[in-house]
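**Q** With the sequence up front, the predicted model follows.
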Amino acid sequence: MEFDFMHHAIQEENMLRLIAVGLGFVSIVLGLFFRFIIKYALFKGVAISFFIGGIVLLSIGLNYSTVLFNHVLSVVSFISFVFGFLLVIKTKNTASQFWKGLGIGIMIQAFIVICFSITNSIREEKDLKLKSRIEIKSN
């Protein structure tokens with residue numbers, strides 16, 4: 001029973017890592033597309049935030065993430081989301097479309113990272129409950 005639990009937990013963690021690597025790769029490809037194919041200022045701002053978000057997602061997927069890392073990541077993502085929202089709201093000029101695009105891209109990337117962090121924390125809570133149930137039955 002304990003082996004099934006460990007195998008299942010490792011599979012879930014590897015699947016989340018694979019999803020993070022895939023989203024990071026897609027984000028970097030979209031950033032390249034927005035930067036070099038679509039040459040509007042709004043999309044150039046989105047491209048920069050997609051590059052940064054893609055690097056963050058790749059680092060999440062390629063590194064082992066701890067509980068503390070997930071909590072810090074969710075707080076930083078929430079702050080980034082608020083910053084991007086304020087950047088979009090405060091930018092009213094048509095001359096500063098780059099900053100509005102940067103804010104939109106930050107909001108998109110922060111939302112993706114927040115969703116990933118919430119999913120990972122739910123997985124960890126479920127693993128703790130299953131592990132405690134196994135320990136109670138084994139005693």
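**A** Perfect, I can see it now.

**Q** From His8, how far out is Asn14?
**A** Counting by CB to CB, to the nearest Å, the gap between Asn14 and His8 amounts to 11 Å. Backbone N, C-alpha and C define where each C-beta goes, glycine included.

**Q** Same check on Ser74?
**A** Between Ser74 and His8 the computed distance is 24 Å (CB to CB).

**Q** Quick check, Ile19 in contact with Val113.
**A** No. Contact between Ile19 and Val113 fails when scored by CB atoms under 8 Å: they sit 12.0 Å apart.

**Q** Please identify which of the two sits among more neighbours.
**A** Higher neighbour count among Ile19 and Val113: Val113, with 23 against 15, using other CB atoms under 10 Å.

**Q** which residues does that one contact?
**A** Counting by CB atoms under 8 Å, 6 or more residues apart in numbering, Val113 makes contact with Gly53, Val56, Leu57, Ile60, Leu73, Ser74, Ser77, Ser80.

**Q** What of Lys44?
**A** In this structure, Lys44 makes contact with Phe34, Arg35, Phe98, Gly101, judged by CB under 8 Å, 6+ apart.

**Q** which is the next helix or strand following the helix or strand containing Gly61?
**A** In the assignment (DSSP states H and E), Gly61 maps to helix 41-62. On the C-terminal side of helix 41-62, the closest following helix or strand by DSSP H and E is helix 67-90.

**Q** what sits up against that next one?
**A** Identification of contacts with helix 67-90 by CB under 8 Å, 6+ apart yields 49, 60, 65, 99-100, 102-107, 109-111, 113-114, 117-118, 120-121, 124.
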